[in-house]
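K.L.:
just a sequence and a predicted model for now, questions to come.
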Amino acid sequence: MRNNNHSGSTRCIFRLLFIAVFVLFVMNRVSAKEGTSSGAKPNILIITLDTTRADHLPCYGYSLATMPFLSSIAQTGGIIYEKAFTTAPLTYPAHVSLFTGLEPQHHLILDNGFYRLGKDKETLATLAKKAGYTTFAYVSAAILDKVYGLNQGFDLYDDTMRMGKSTFSMYKERSASQVVDSAIKSMNSWRPPYFTWIHFYDPHDPYIPPAPYNKQFKNPYDGELAFMDSQIKRLFEILKSSKIWHPERDWAIIVGDHGEDLGDFGELHHGLLLTPPTIKIPMIILKPGLKGSRNNSFVSITDVAPTVLELLNFPDSKTQAKMDGTSLNSMGKKHPPLVLSTLMPYLSFRWSPLIGELDYPYLLVKGSKNVLINIELDPKMLNNLTTKEKAAFTSLNSSLEKIKDMLMKVMNPDLKNIENLEQIRSLGYVGSAGKNMPAEPFNLPDPKDKIWIYRKFMESKKLIIEQRWDEASKEYSVLLKADPSNTLVLNALGTIYENMGEIAKAESSLLKVKDLIPDMDYPYLHLGEFYMIHDRLAEAEKYFRTGLQKNRRNTDIYLDLVQIALLKKDLNAALSTLNEAENNGIKDLDLFLYKATFSRNKGAWQDAANALNNAESLDPTDGRIIIEKGYLSCEPQSPFQNKCESFMRKVAPESLRTPELWTAAAEWYNSARQYGKSLYCWLEAYKRPMPNQNWPKIIQKHIQLLQSKKITPVAPDWVK
């Protein structure tokens with residue numbers, strides 16, 4: 001009996017244990033799903049604010065409400081670091097420091113566009129992946145294209161921009177709202193624990209905030225900040241409502257990559273100087289259990305990586321030891337000096353590069369001249385302390401001399417290994433790098449002495465935009481006299497002379513640019529366009545092809561080669577160029593639309609449909625896509641022509657304000673022998689603004705033919 005009772009009690013205990021284990025299992029599953037398990041790994045969100053001045057944020061004392069949402073969450077649930085600094089006033093080098101924890105002399109990424117991060121440098125995404133995280137990135141400027149290597153470790157690296165033919169003052173980026181849209185679109189794949197980086201580029205020049213932010217502030221730069229803030233708010237609201245973000249568990253690190261001078265030191269933007277407005281950055285950390293605090297310690301952008309590494313609970317302590325940064329969780333000890341650099345003066349203008357070291361509060365900036373300041377007492381850099389603070393100068397100068405020797409080995413990058421140069425050049429960063437660079441860069445003119453040239457160059461661009469050619473010629477000639485090897489000035493003069501009718505001088509200026517920087521792609525682009533405009537197509541094509549040898553991802557060159565094919569009426573050559581661009585990884589709305597049209601004209605219907613799908617993935621709102629879809633759905637020979645009426649029912653009224661869709665429908669009804677509906681569509685098409693002078697004659701011919709047969713117009717049922 002005892003044995004039987006024992007067996008029964010044992011079974012009962014096992015049942016209870018089984019139930020308990022099952023309940024715990026279910027509870028853990030639920031808590032993991034809800035994101036509230038105390039043992040769950042935190043999700044990590046990194047938001048980078050490109051070109052954002054700390055002192056233009058309310059939480060850093062700014063009097064205007066530029067970023068009210070960010071300031072609110074920072075002050076109520078975050079740590080605001082008041083003395084945070086970057087390693088470079090340039091987007092790509094600064095982001096490399098952020099994601100590797102390394103200073104310039106160790107990651108050796110010294111400028112935008114010229115360098116590629118090697119796989120020997122582990123990034124936070126790579127380490128997060130090893131720690132079991134899913135990893136996502138959404139960037140908003142071509143300057144962070146995956147070709148430069150920062151995509152390593154990410155499951156998804158979304159760098160799709162709205163590409164196309166660039167103009168003199170525009171370049172390739174996407175707005176904060178588009179970046180958030182992209183993140184929302186793939187948010188379902190953020191499987192916890194996730195490591196996600198979202199990059200906002202809006203405060204970068206030109207400052208063109210959308211309504212209503214374009215009228216809220218006197219300075220449009222502040223309007224860009226306010227628009228960016230609205231999208232950060234939208235992002236957090238969606239994260240919380242979708243229950244994939246939990247403030248009681250998850251971390252967000254919001255940090256600038258560099259600031260903006262805004263003319264304080266003679267530089268309108270950033271990159272040429274190492275000054276407080278461009279090297280000081282906002283840094284805010286949102287983590288569980290905080291009620292809002294401020295940290296007055298000197299910290300760096302390189303400190304983010306070791307901080308995140310601790311969150312990842314990464315087992316290899318050697319990885320953190322390799323980083324230059326210090327975890328923000330151990331700020332009790334003195335922060336080591338921070339190394340800064342910018343090669344933009346050298347690689348873009350052939351002026352002296354700048355390197356610096358910040359041993360707070362002392363900042364030494366070294367170019368062809370040395371400047372030592374106390375950044376806390378003298379933020380306007382009025383007093384050079386190189387002779388007054390000899391101990392500080394000697395220590396920092398000795399360190400920088402060693403770092404200079406390290407950087408000299410990579411100051412002349414091999415441009416043959418770089419793609420996307422034209423995209424980055426359009427940002428204004430890339431100008432004069434090439435062959436025959438000076439052997440002693442630090443003996444070149446100091447950028448502080450030459451900054452007026454760059455400022456005048458930027459200010460005078462409006463003369464070109466406004467087509468004030470005589471005034472522009474005088475302004476740029478003065479700049480060229482002061483800086484004869486300035487390729488940006490020479491290139492601008494080429495445009496100016498051409499529009500003044502001085503063709504020989506224009507050609508001479510453009511050829512000088514090519515001779516100065518033969519390894520770059522954009523001199524060949526501009527020479528090709530010059531010869532194409534003047535109907536010298538063989539020379540144009542030769543220069544375009546040479547440009548593609550320098551950079552096979554130059555979107556503008558492919559667009560120009562398509563134009564040459566059209567001028568020659570060679571549809572096969574146009575399609576061949578479009579296929580070449582696609583094979584080289586070009587994702588461009590205009591190129592996809594060209595391919596859709598040309599493929600349709602050749603009867604390659606599926607190719608046309610595929611090209612339209614690619615175009616729609618880039619910009620579903622572009623009206624040209626609707627028109628092309630109309631042709632594809634309504635042309636009588638198309639295998640998709642049975643969808644014509646259903647397609648027209650879905651078309652928004654604004655798409656019918658031009659004649660294209662009406663003519664497509666008219667052709668389809670004519671082929672279906674529904675002549676009354678065909679006539680109605682032709683008549684509607686005739687009412688619309690015509691794309692060229694031939695259209696009215698063609699449409700009128702169809703109308704007259706149907707009316708001669710006594711056809712009465714009949715409105716299709718889809719007509720609103």
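P.N.:
Sure, I can see it.
K.L.:
so N610, which of the three states?
P.N.:
helix (DSSP: H, G, I helix; E, B strand; the rest coil).
K.L.:
give the contact list for it.
P.N.:
Contacts for N610 (C-beta atoms under 8 Å, 6 or more residues apart in numbering) come out as none. All C-beta spots, glycine's among them, are computed from the backbone N, C-alpha and C.
K.L.:
could you report the distance from it to E616?
P.N.:
Shown here: N610 relative to E616, a distance of 11 Å by C-beta to C-beta, to the nearest Å.
K.L.:
again, but for Y148
P.N.:
Y148 is 27 Å from E616, by C-beta to C-beta.
K.L.:
beta partners of the most centrally placed residue in the chain?
P.N.:
For the chain, the residue sitting closest to the mean C-alpha position, by C-alpha atoms, centre = their mean, is A141 at 0.6 Å. Under DSSP bridges, the beta-bridge partners of A141 are E173.
K.L.:
okay but it is in contact with P203, surely?
P.N.:
No: A141 sits out of contact with P203 when judged by C-beta atoms under 8 Å, with a separation of 11.4 Å.
K.L.:
where do the contact lists of those two overlap?
P.N.:
D50.
K.L.:
how many neighbours does N572 have?
P.N.:
By the measure other C-beta atoms under 10 Å, the count of residues near N572 is 10.
K.L.:
my bad, should have said N694
P.N.:
9.
K.L.:
then N642?
P.N.:
Residues near N642, counting by other C-beta under 10 Å, number 11.
K.L.:
ok, back up a step: Y148 and E616: which is more packed in?
P.N.:
Y148 (24 against 17).
K.L.:
ranges for the helices of the stretch 601-720 of the chain?
P.N.:
Counting by DSSP state H, counting those that start in this stretch, the stretch 601-720 of the chain has helices at residues 605-618, 623-634, 644-650, 660-671, 675-686, 694-708.
K.L.:
for D324, find the nearest of these.
P.N.:
Closest of the helices of the stretch 601-720 of the chain to D324 is helix 605-618, at 38.6 Å (criterion: C-beta to C-beta).
K.L.:
distance of P523 from I47?
P.N.:
P523 is 38 Å from I47, by C-beta to C-beta.
K.L.:
sorry, that was for S368
P.N.:
38 Å.
K.L.:
ok, D324 next?
P.N.:
Computed with C-beta to C-beta, the distance linking D324 and I47 is 22 Å.
K.L.:
who's more crowded, these two?
P.N.:
D324 (23 against 20).
K.L.:
that one falls within a helix, correct?
P.N.:
No: counting by three-state DSSP, one finds D324 to be coil, located in no helix.
K.L.:
pretty sure it sits against L98.
P.N.:
No: with contacts counted by C-beta under 8 Å, D324 stays clear of L98, the gap being 11.9 Å.
K.L.:
okay, now the domains of this protein?
P.N.:
Per automatic domain parsing, the structural domains of the chain span 1-34, 44-342, 621-720.
K.L.:
centre of the chain to the longest one, how far?
P.N.:
Same thing as domain 44-342. Between the centre of domain 44-342 and the centre of its chain there are 13 Å (C-alpha atoms, centre = their mean, to the nearest Å).
K.L.:
show the end-to-end separation of that domain, please.
P.N.:
30 Å (C-alpha to C-alpha, to the nearest Å).
K.L.:
one more: stretch 109-126?
P.N.:
18 Å.
K.L.:
quick check on K41: phi, psi?
P.N.:
K41 has phi and psi values of phi -70, psi 140 when expressed as degrees, to the nearest 10.
K.L.:
look up phi and psi at the residue nearest to it when sequence neighbours are not counted.
P.N.:
Leaving aside its sequence neighbours, K41 sits nearest to P193 (C-beta to C-beta, 6 or more residues apart in numbering; 3.9 Å). P193 adopts backbone torsions of phi -80, psi 140, taken as degrees, to the nearest 10.
K.L.:
ok, P193 - contacts?
P.N.:
Per C-beta under 8 Å, 6+ apart, neighbours of P193: 40-44, 132-134.
K.L.:
residues in contact with stretch 56-68?
P.N.:
54-55, 70-71, 74-75, 80, 82, 217, 221-222, 225-226, 228-229, 232, 282, 284.
K.L.:
coming back round to it: quick one, which of the domains of the chain is nearest to I464?
P.N.:
domain 44-342 (6.1 Å).
K.L.:
the contacts of P193 in strands, which ones?
P.N.:
44, 134 (DSSP state E).
K.L.:
hmm, which of the contacts of P193 are the buried ones?
P.N.:
Buried by 16 or more other C-beta atoms under 10 Å: 40-44, 133-134, out of those.
K.L.:
which of these lies closest to V304?
P.N.:
Among the buried ones among the contacts of P193, and counting by C-beta to C-beta, the member closest to V304 is I44, at 10.5 Å.
K.L.:
and that closest one, what is it in contact with?
P.N.:
Contacts of I44 (C-beta under 8 Å, 6+ apart): 128, 133, 193-196, 250-253, 308, 311-312.
K.L.:
let me have the helices of the stretch 601-720 of the chain in TSV, extended by distance to P361 and mean pLDDT.
P.N.:
Formatted as TSV, the helices of the stretch 601-720 of the chain follow (distance: least, C-beta to C-beta, whole Å; pLDDT from 0 to 100):
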stretch	distance to P361	mean pLDDT
helix 605-618	48	92
helix 623-634	56	91
helix 644-650	64	92
helix 660-671	65	94
helix 675-686	71	96
helix 694-708	70	95
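K.L.:
and Y594, which of these is closest to it?
P.N.:
helix 605-618 (8.2 Å).
K.L.:
in that closest one, what counts as buried?
P.N.:
Buried, per 16+ other C-beta under 10 Å, within helix 605-618: 605, 607-609, 611-612, 614-616, 618.
K.L.:
nearest to N112, of those?
P.N.:
L618 (23.4 Å).
K.L.:
just give the nearest non-adjacent residue to L612, would you?
P.N.:
Nearest to L612 is A596, by C-beta to C-beta, 6+ apart, at 4.7 Å.
K.L.:
mind checking pLDDT for the one you found?
P.N.:
You'll see A596 listed with a pLDDT of 94.
K.L.:
could you do K119 as well?
P.N.:
So K119 comes in at 87 (pLDDT).
K.L.:
can you list the contacts of I44 in JSON lines and add distance to T495 and secondary structure?
P.N.:
Formatted as JSON lines, the contacts of I44 follow (distance: C-beta to C-beta, whole Å; DSSP: H, G, I helix; E, B strand; the rest coil):
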{"residue": "A128", "distance to T495": "46", "secondary structure": "helix"}
{"residue": "Y133", "distance to T495": "49", "secondary structure": "coil"}
{"residue": "P193", "distance to T495": "52", "secondary structure": "coil"}
{"residue": "Y194", "distance to T495": "47", "secondary structure": "strand"}
{"residue": "F195", "distance to T495": "45", "secondary structure": "strand"}
{"residue": "T196", "distance to T495": "42", "secondary structure": "strand"}
{"residue": "D250", "distance to T495": "51", "secondary structure": "coil"}
{"residue": "W251", "distance to T495": "49", "secondary structure": "strand"}
{"residue": "A252", "distance to T495": "45", "secondary structure": "strand"}
{"residue": "I253", "distance to T495": "43", "secondary structure": "strand"}
{"residue": "V308", "distance to T495": "46", "secondary structure": "helix"}
{"residue": "L311", "distance to T495": "51", "secondary structure": "helix"}
{"residue": "L312", "distance to T495": "51", "secondary structure": "coil"}
